[in-house]
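[1] quick one: sequence plus predicted model below, questions after.
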Amino acid sequence: EQQAAQIENEEDAKRIRWRENAKAPVRIPQIDPISGKAYAKGGRKVATARVWVSPGEGMITVNRREFLDYFPRESDRDLILSPFIATNTCGMFDVNVAVEGGGVTGKAGAIRHGIARALQSYNPDYRPPMKRLGYMTRDNRQVERKKVGLKKARKAPQWVRR
């Protein structure tokens, strides 16, 4: 009887611990008190972006260049602005980005990831809509390496019967 009661108490304690561990963490804003900016890092393929978000009128600067000059392709611009559309904060924040590595689209993906993380660190209430759309998750797909005997990673030379 005592053993059964002891086992039951242990199981109850486990259940209580599980409930405590299953709770979502309490997120607090992480804003630099001096500059009033929120910082985050984003990544996509080989590109990494360091992003600073501060309240402003919607100016986006990428590597000290104008956003429109750096990304001439419309699809890349839409990709970068999507976290602001998801959180209904278009034109409310100035963004300063330092991005390096990879190509233009990889850089755009890294900036989007960094902006999403920076907005979350500025105000944790912005997290759920961005999480639902997948902006908080780093896309970890990398370029597959070329194999010996193949022309590319998977493309084989033309097959000849004789």
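    Sure, I can see it. Residues are numbered from 1 along each chain as shown.

[2] average pLDDT across stretch 69-86?
    Per-residue pLDDT over stretch 69-86 has a mean of 95.

[3] contacts for that stretch?
    By C-beta atoms under 8 Å, 6 or more residues apart in numbering, the list of residues contacting stretch 69-86 from outside reads 60, 62-63, 67-68, 90-93, 104-105, 108-109, 111-112, 115-116, 119, 129-130, 133, 135. C-betas here are computed from N, CA, C, even on glycine.

[4] then stretch 53-61?
    In this structure, residues lying in contact with stretch 53-61 by C-beta under 8 Å, 6+ apart are 35-40, 67, 80, 90-97, 115, 118-119, 122.

[5] list only buried entries from those.
    When the contacts of stretch 53-61 are checked for burial by 16 or more other C-beta atoms under 10 Å, the buried set is 37-40, 67, 80, 93-97, 115, 118-119, 122.

[6] which residues does the most centrally placed residue in the chain contact?
    Nearest to the geometric centre of the chain sits residue 113, at 3.0 Å (C-alpha atoms, centre = their mean). Contacts were defined as C-beta under 8 Å, 6+ apart; by that measure residue 113 touches 42, 43, 44, 49, 135, 136, 138, 139.

[7] hang on, the earlier thing: narrow the contacts of stretch 53-61 to those in strands?
    Among the contacts of stretch 53-61, the ones falling in strands (DSSP state E) are 38, 39, 40, 93, 94, 95, 96, 97.

[8] my read: the second one touches residue 50, true?
    By that I understand residue 39. Yes. Using C-beta atoms under 8 Å, residue 39 is in contact with residue 50, at 7.3 Å.

[9] how many residues are close by residue 48?
    Applying other C-beta atoms under 10 Å, we find 19 other residues in the vicinity of residue 48.

[10] relative to residue 118, how far out is residue 17?
    34 Å (C-beta to C-beta, to the nearest Å).
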